[in-house]
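Novice: pasted the sequence and its predicted model underneath.
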Amino acid sequence: MRVPWTGRGVHHVAPAGRPLPPRPTAPLSIHRPRWNIAEVTLTRGARITGAVLCAVLGVITAGWIVRDLRAAGDPADLLRHWAGYTDVRPAALPATSQGDLVLLLVPVLVAFAALRSRVAASALVATGVVTLVLRLPGVWGIGASWTDGRYSDELRTRALIGTFVTLAAALALIVTGSAGRAQPADGYEPLPTRPGPGAGVTAFLVLGASGAVLIAWEIRHFLTLPARFHPDRFTGGPTVPVNLVGAPPGWSGVALALLCGVVALTALLRAVHARPLGMIAAGFLLLSGVLGIARAVHLALLDHFGDLPAEHRLAVLTSFLLAFTGAAALLVLARRGLEEDRPGHGYPPQGPAGYGHPQGGQPGGGFGPPPPASPPPGW
C-alpha cells in the first residue's frame, strides 16, 4: 500500500480518519516549568498604572522641595542644610532632607521606564518598597508633640495627608508590579534582563562593603551614645529632631544598609530585580557620599586630616567610600543586562522546518528523513 509523502516524520502520520495533533508551541519537558518569574512581562494596563502612580509620588515630593526652596530664601542654603552644614540658618526650617532628592528622581525615571523597559515590573516594586520604608516614620512622627513649635499645624496636616497618599501609592505600586505580570505572548517578546556576571560580582563587592560600613557605624552609635538617644534615632524625638517628611537617621541608615546587603546577594545570584533595586541603593550612597565630602571640604577637615581624631577621620573616609561605591554600582547596573536564554521558545519565521513541507525550497529537517527524489521501484 502506497502512503503519500507528507514531509513529516513517521511519528507524525495520523491514523486514518483522525486529524494531526496541533503544532506544539514549546519543547516538551517534564523537568522544566511552563514559565517562571524570570520569563514574564508587564501588561500594558499595569505599565500605564505604574507610570501614573510614579507620577503621583514625584509630584508630592517635588511639591515639598519647591516649598523648601521658597521658604529657605536662598536655594544654596537648602543644599547646605541637606549636606549638614552646622553654620547654615535657613529663613524657615526645611521639611525635606537629602534623601528626598533621590525620592524625586527615582519615580520620575521609573515612570518612563514603566512604559517600555524590560524590568518595569521589578522597577515598580522596588520603587514602592523603598518609598514605603522611608515614608513610614511620618505616620507617627509628623503629629508627635515634639514637632510643636517647629512647624505650623497647617503644614503638619498637609504633611500627614501627603504621607498617607504616598504610602497608598507605594502599596499600589507593589501590587501593580506584582499582579500585573503576564506570560509573554510569543517566543519573540523581550524578557526581563539580568545583571551580567561582571556587573553582578562588582555590585556584590561595592554594595556589600557599603552595607557593612553602614551597619558598623550604627553599632558604633549604639555603643557610644547615651541610652536616651537610641529610641529617637529610629523614631524621631526631642533629642534627635527630624525634618517634617524625612526619616530618622537610625531608621534610614539601617534601611539603606539592609537594602545594600539584599542587593549585593541578589546581584551575585543575578536576580532580575537586582538592577533596579541596586540603582536606587546606589543613588542614595552616591548622594550621601558627595554631600559628606562637601561638608568635609566646607569645614576644612581635609586640610587638617592628620590632626583629626580617629573617628572623624573614619567619617571622612566613609564619605569617599560611599561616593565611590555608589558611582561604581550605578555604572555597572545601569548597563543593559543580559536576557535569559530561551531555547526552543517559539519558531523562527524562516529556517529548517520540523513540521509540514520544507520552506524556501530547502530540504526539511526535523523528525523524519527528507523525501526521496522518486519512490523506490515496487513501492
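Specialist: All right, it came through fine.
Novice: rest of the way, CA atoms for contacts and neighbours
Specialist: Fine.
Novice: break down the protein into its helices, ranges please.
Specialist: Along the chain, counting by DSSP state H, helices occupy 44-72, 75-83, 99-116, 120-135, 138-141, 153-179, 197-224, 229-235, 249-268, 274-298, 310-334.
Novice: just the pLDDT for R118.
Specialist: We have a pLDDT of 81 for R118.
Novice: so it makes contact with T193?
Specialist: Yes - with contact defined as Cα atoms under 8 Å, R118 reaches T193; the gap is 6.7 Å.
Novice: flag the shaky bits of the stretch 201-350 of the chain, pLDDT-wise.
Specialist: Confidence mapping of the stretch 201-350 of the chain against pLDDT under 70 gives the ranges 337-350.
Novice: same check on the stretch 1-150 of the chain?
Specialist: Ranges of the stretch 1-150 of the chain meeting pLDDT under 70: 1-40.
Novice: distance of R89 from A76?
Specialist: The gap separating R89 from A76 is 11 Å, by Cα to Cα, to the nearest Å.
Novice: contacting residues around G73?
Specialist: P90, A91 (Cα atoms under 8 Å, 6 or more residues apart in numbering).
Novice: could you do the one 4 residues further on as well?
Specialist: For D77, the set of contacting residues under the criterion of Cα under 8 Å, 6+ apart consists of V88, R89, P90.
Novice: how much space between it and P197?
Specialist: 43 Å.
Novice: ChimeraX command for the buried members of the contacts of D77?
Specialist: A single ChimeraX command selects the buried members of those (16 or more other Cα atoms under 10 Å):
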select :90
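Novice: which of the contacts of D77 sits closest to R313?
Specialist: V88 (22.9 Å; Cα to Cα).
Novice: hang on, the earlier thing: pipe the helices of the chain into CSV and attach distance to T147 per row.
Specialist: As requested, those are exported to CSV (distance: least, Cα to Cα, whole Å):
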stretch, distance to T147
helix 44-72, 17
helix 75-83, 18
helix 99-116, 19
helix 120-135, 17
helix 138-141, 8
helix 153-179, 9
helix 197-224, 24
helix 229-235, 13
helix 249-268, 16
helix 274-298, 25
helix 310-334, 29
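Novice: burial measure for V110, as a count.
Specialist: For V110, the neighbour count with other Cα atoms under 10 Å is 22.
Novice: nearest residue to it in space, please, no chain neighbours.
Specialist: Using Cα to Cα, 6 or more residues apart in numbering and skipping residues adjacent in sequence, the residue nearest V110 is A123, 6.5 Å away.
Novice: who's in contact with the one you found?
Specialist: By Cα under 8 Å, 6+ apart, the residues touching A123 are V110, A113, A114, G177, H273, P276, L277.
Novice: list just the nearest of these to F229.
Specialist: Distances from F229 to those, taken by Cα to Cα, are shortest for L277, at 31.0 Å.
Novice: tell me the spacing between T86 and A296.
Specialist: Separation of T86 from A296 (Cα to Cα): 12 Å.
Novice: the more surrounded of these two?
Specialist: A296 (21 against 10).
Novice: give the full set of residues in contact with A282.
Specialist: Counting by Cα under 8 Å, 6+ apart, A282 has contacts L207, T325, G326, A327, A329, L330.
Novice: columns distance to E218 and neighbour count on top of these, output as CSV?
Specialist: Below are the contacts of A282 laid out as CSV (distance: Cα to Cα, whole Å; neighbours: other Cα atoms under 10 Å):
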residue, distance to E218, neighbour count
L207, 17, 29
T325, 19, 23
G326, 19, 28
A327, 23, 19
A329, 22, 28
L330, 24, 22
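Novice: mind putting the residues you listed in a markdown table, distance to W251 included?
Specialist: Listed next are these as a markdown table, based on distance: Cα to Cα, whole Å:
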| residue | distance to W251 |
| --- | --- |
| L207 | 18 |
| T325 | 21 |
| G326 | 20 |
| A327 | 23 |
| A329 | 23 |
| L330 | 23 |
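Novice: right, and L115 touches G45 too?
Specialist: No - in this structure L115 lies outside contact range of G45 using Cα under 8 Å: 9.8 Å.
Novice: which one's more surrounded, the two?
Specialist: Set L115 next to G45 and count neighbours by other Cα under 10 Å: L115 wins out with 19 against 12.
Novice: name the nearest residue to that one, sequence neighbours excluded.
Specialist: R47 (5.4 Å).
Novice: count of neighbours near that neighbour?
Specialist: For R47, using other Cα under 10 Å, the count is 26.
Novice: pretty sure it is touching R118, no?
Specialist: No - R47 is beyond contact range of R118, at 10.8 Å (criterion: Cα under 8 Å).
Novice: T61 contacts G99, doesn't it?
Specialist: No - shown here, T61 and G99 do not form a contact pair, counting by Cα under 8 Å, at 10.5 Å.
Novice: who's more crowded, those two?
Specialist: T61 (22 against 18).
Novice: confidence score at T193?
Specialist: For T193, the model assigns a pLDDT of 71.
Novice: related to what we said a few turns ago, and the gap between the residue nearest to V110 and G208?
Specialist: With Cα to Cα as the criterion, A123 and G208 are 21 Å apart.
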